[in-house]
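K.L.:
When you get a sec, could you give me coordinates for this:
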Amino acid sequence: MFDTLSDKLQRVFKNLRGEGKLTPENMEAALREIRVALLEADVHFRVVKQLIEAVKEKAVGTEVLGALNPSQQVVKIVHEELIKLLGTHASRLRFANQPPSVILIVGLQGSGKTTSTAKLARWLSKNQHTPIMVSVDVYRPAARDQLAVLAKNLNLPIYPGAEGEAKPLELAKSARREAIQTGRDVLLIDTAGRLHIDEELMTELQELKDTFDPVEILFVADAMTGQDAVKSADEFHKRLGISGVILTKMDGDARGGAALSIRSVTGQPLKFVGLGEKPDAFEAFHPDRAANRILGMGDVLSFIEKVEDVIDKKQAEDLQRKLLDNEFTLEDFRNQLKQISKLGPLENLIGMMPDMGMMKELKKQKVDPKEVTRVVAIIDSMTPKERDNHMIINGARRRRIAKGSGTTVNDVNNLLQQYTQARKMMKQFSGLASGQGFLGKKLAKMGMGKLPNLSDFKF
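P.N.:
Numbers count the residues shown, from 1 in each chain. Below is the predicted model:
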């Protein structure tokens, strides 16, 4: 997410390094490169113009403040303007005073409406709500069956529809009655879509809106379609009045143009992002965290939230103690790999870390999802003593381990190298809870979410 744009912007900041003052000349050159980077990231041209003018107004002629060099001063200004562009603060869902709160999920066909409906229901249930879903897409073959399967897999309720209920409005009304009778506080209505916006679709959606007065109308857009997604969101807003956007497939969009453009073009916030196919690959959108990631500062807060949601607290405390006492063994390494695999693709997790030191090098590596299985097999082929003390694993032991795990000696060597690197890296991050170590001190400076001391970032 934002990888391509992040790389290009960091190159711009590097070019500014070494200057004592932001002059019109070097700033103009930097702004040209920033403009090109944003346009190549498929950001809407009006949004690019708005951002460049705002940065230029603040930056040109500004004296370097304190320990900040010009590149860091520009990073600070761009960071502030990106947050403004993305929405300043996270936009929360609204709920009705009298439940059930009705949320309409709208969008074009193929954008991921049905999957997003199920993911949102799961997110709501994880946040002390009791949602129920209904599909009113009576046109697309198996559309309602798709939502039913997702609901079953997530163990969440759905209104299936009674015999004879063939119209969207009838289904939605019955679903609301079901929500009231069963004490559900949120009703998610998965609406029909079309390949293109047409009058029949808009008339149907307007009828649903007039009947239910939904607290939210969320437009689902595919991030991979770039400005087409922004254009569709704007058209839906003009015709229907959406209240927010769910941007899907953000994990596959290295440019990020749609995310940077939607709020400025539609005037409505980006509320959630889909980051993969799994049910938990769905997050509330935080403008400040997105701006951090774009500028290579990482998204440590989202990382912590994801870890806290999956990792057992006692295990985490035991791991931290072992890391601080330098007792992290291959057995622990194997167990942690299994835990980490529950958090989603490793590239996404590494992408949340700041572009500094070892993490910057790790981000360049392509992670093979089969690697965890291979590593676990290798460690399982070791004796308890070998797992406890990797230093005793000599050449003969490596050959035996390779044979037992169906791998090669080179694979075993690579694992041991990765393990020693992981010990160093995890030692750095062991200060998360205690405030000790590299990351603990960084988080203290950040105030758990505030902009970090930019002099610590070397662009």
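
K.L.:
just the helices in the stretch 351-459 of the chain please.
P.N.:
Using DSSP state H, counting those that start in this stretch, the helices of the stretch 351-459 of the chain run over 357-362, 371-380, 384-388, 395-405, 409-429, 431-434, 437-446.

K.L.:
name the element R321 belongs to?
P.N.:
Secondary-structure assignment from DSSP states H and E places R321 in helix 313-324.

K.L.:
Actually, L5.
P.N.:
Assessed by DSSP H and E, L5 sits inside helix 3-16.

K.L.:
repeat for A118
P.N.:
Going by DSSP H and E, A118 is in helix 113-126.

K.L.:
So A175 sits against V134, correct?
P.N.:
Yes: judged on Cβ atoms under 8 Å, A175 makes contact with V134 at a distance of 3.6 Å. No exception for glycine: its C-beta is placed from N, CA and C like everyone else's.

K.L.:
Common neighbours of the two, please.
P.N.:
With contacts taken as Cβ atoms under 8 Å, 6 or more residues apart in numbering, A175 and V134 have 159, 187, 189 as neighbours in common.

K.L.:
Nearest residue to F212 in space, please, no chain neighbours.
P.N.:
Closest residue to F212 apart from its sequence neighbours, by Cβ to Cβ, 6 or more residues apart in numbering: V102 at 4.5 Å.

K.L.:
In terms of helix, strand or coil, where does that neighbour fall?
P.N.:
strand (DSSP: H, G, I helix; E, B strand; the rest coil).

K.L.:
Report how many residues lie close to it.
P.N.:
Neighbour count for V102, taken as other Cβ atoms under 10 Å: 23.

K.L.:
Show the contacting residues for it.
P.N.:
So V102 contacts 96, 176, 186-187, 189, 212-215 (Cβ under 8 Å, 6+ apart).

K.L.:
at 10 Å instead, please
P.N.:
By Cβ atoms under 10 Å, 6 or more residues apart in numbering, the residues touching V102 are 96, 172, 175-176, 179, 186-189, 208-209, 211-217.

K.L.:
any idea how far the residue sitting furthest away from the middle of the chain is from R387?
P.N.:
Largest separation from the mean C-alpha position in the chain: A396, at 44.6 Å (Cα atoms, centre = their mean). The gap separating A396 from R387 is 17 Å, by Cβ to Cβ, to the nearest Å.

K.L.:
now the strand or helix carrying V149: how far from the chain's centre is it?
P.N.:
Using DSSP H and E, V149 falls within helix 143-154. Its chain's C-alpha centre and that of helix 143-154 lie 24 Å apart, by Cα atoms, centre = their mean, to the nearest Å.

K.L.:
Check which helices and strands that helix sits against.
P.N.:
Applying 3 or more Cβ pairs under 10 Å, 6 or more residues apart in numbering; DSSP states H and E, we find helix 143-154 packed against helix 113-126, strand 131-135, strand 186-190.

K.L.:
Mind listing what's buried along the first one?
P.N.:
In other words, helix 113-126. Neighbour-count burial for helix 113-126 flags 113-125 (criterion: 16 or more other Cβ atoms under 10 Å).

K.L.:
out of these, who's nearest R32?
P.N.:
Of all the buried residues of helix 113-126, the one sitting nearest R32 is S116; the distance, using Cβ to Cβ, is 37.8 Å.

K.L.:
Would you check that that closest one makes contact with L275?
P.N.:
No: using Cβ atoms under 10 Å, S116 is not in contact with L275, being 11.7 Å away.

K.L.:
Need the overlap of contacts for the two.
P.N.:
With Cβ under 10 Å, 6+ apart, S116 and L275 have common neighbours 247-248, 282.

K.L.:
ok, and what's touching the helix holding V149?
P.N.:
For helix 143-154, contacts defined as Cβ under 10 Å, 6+ apart pick out 109, 113-115, 117-119, 121-122, 125, 131-138, 140, 142, 156-161, 171, 188, 190, 192-193, 279-280.
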